[in-house]
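Asker: Fold the following and give me the result.
(one chain, ligands or ions: 2)
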Amino acid sequence: MKTSTDFKKMKEANEKIAMITAYDAPSAKLVEQAGVDMILVGDSLGMVVLGYDSTVPVTLEDMILHTKAVKRGAKQTFIVTDMPFLTYHSSISETMNNAKRLMQEGGAHAVKVEGNGEVIQTIEMLTKAGVPVVAHLGLTPQSVGVLGGYKVQGKDKESANELIEDANKVERAGAIALVLECVPKQLGEYISKQLSIPVIGIGAGADTDGQVLVYHDVIGYGGEFVPKFVKKYANISPVIQEAVSDYVSEVKNKQFPEDKHTFTMNEEHLAHLYG
Ligand code: KIV
Ligand code: NA
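Answerer: Ligands and ions are numbered 1, 2, ... in the order given. I've put the predicted structure just below:
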């Protein structure tokens with residue numbers, strides 16, 4: 001299994017890091033077999049699996065449950081789990097306990113936290129306590145209510161400078177990597193060059209140290225809205241729909257099940273059934 005040391009070496013060797021989300025055992029197994037370097041149990045879970053319209057309703061229990069499932073499916077891959085909305089803000093002891101549960105009960109190798117300011121001190125405290133932390137800057141979906149929508153971040157000089165400063169701070173705080181979401185590619189490149197920790201981009205251009213995408217977006221499963229930064233490598237929704245509608249019509253037309261799907265009983269026992 002690759003670890004944070006390997007990810008840093010990959011950055012130094014200019015070898016790109018491929019990260020993708022997973023939320024259950026079969027998807028985790030498939031992405032591991034496909035050779036991803038890192039799995040993110042993202043709180044995008046809330047939208048792509050649980051049917052909420054943001055990541056805000058996702059709970060720690062949700063993240064533990066799904067991390068456990070991912071862990072069972074992918075035993076050889078580094079797993080990062082999102083700390084969900086307001087589970088790392090109220091007190092350091094609560095934050096520590098929540099991170100502990102994601103690692104001990106869920107089996108995560110690292111946790112991810114969104115934001116700057118006090119969150120950066122939280123990164124430092126978690127790191128000092130032995131918790132590997134991935135930072136998340138730029139578009140931070142848990143703050144969608146404050147940001148006023150899902151928008152590109154760091155487009156002007158002031159906000160770009162702030163992001164560069166925050167990126168440097170999360171590195172100094174001990175983060176093992178930085179997820180940088182939805183920023184101009186020039187900023188993605190600049191921050192990746194500035195930092196010695198890997199910068200994993202999503203909508204941050206081609207010059208970050210790696211990329212992360214949501215599993216459901218990559219395979220075209222579910223969701224109608226696809227952000228600009230997504231590349232759909234497959235379109236499995238219609239495949240599923242066709243399979244299930246074939247099943248439904250074969251049941252209704254009495255074409256399924258066939259003999260080959262059916263169990264039989266020996267003649268001698270049959271008499272008892274019909275007397
Ligand atoms: O929750 C998630 O899937 C994420 C990625 C999009 C970075 O945080
Ligand atoms: Na997330």
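Asker: Can you tell me how far residue 246 is from ligand 2?
Answerer: Relative to ligand 2, residue 246 is positioned 36 Å away (C-beta to the ion, to the nearest Å). Heads up, the C-betas are built off the backbone N, CA and C, glycines and all.
Asker: in what helix or strand does that residue lie?
Answerer: helix 236-252 (DSSP states H and E).
Asker: Name the residues that touch that helix?
Answerer: The contact list for helix 236-252 (C-beta atoms under 8 Å, 6 or more residues apart in numbering) reads 219-222, 255-256.
Asker: What is the neighbour count of the closest residue to residue 76 other than its chain neighbours?
Answerer: Closest residue in space to residue 76, ignoring its immediate chain neighbours: residue 1 at 5.2 Å, by C-beta to C-beta, 6 or more residues apart in numbering. Using other C-beta atoms under 10 Å, residue 1 has 12 neighbouring residues.
Asker: just the one 5 residues further on next, same as before
Answerer: Residue neighbour count, defined by other C-beta under 10 Å, stands at 16 for residue 6.
Asker: same thing with residue 120?
Answerer: The local packing of residue 120 (other C-beta under 10 Å) involves 19 other residues.
Asker: what's the spacing between it and residue 169?
Answerer: 5 Å (C-beta to C-beta, to the nearest Å).
Asker: picking up where we left off before, kindly export the next helix or strand after the helix holding residue 246 (C-alpha atoms) in CSV.
Answerer: Moving toward the C-terminus from helix 236-252, the next helix or strand (DSSP H and E) is helix 267-274. Listed next in CSV are the C-alpha coordinates belonging to helix 267-274 (Å, rounded to 0.1, in the frame of the first residue of the first chain):
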residue,chain,number,x,y,z
GLU,A,267,-39.7,-37.3,-8.1
GLU,A,268,-40.0,-39.5,-5.0
HIS,A,269,-40.5,-36.5,-2.8
LEU,A,270,-43.0,-34.8,-5.1
ALA,A,271,-45.8,-37.1,-4.1
HIS,A,272,-45.9,-35.5,-0.6
LEU,A,273,-46.5,-32.1,-2.1
TYR,A,274,-49.6,-33.0,-4.1
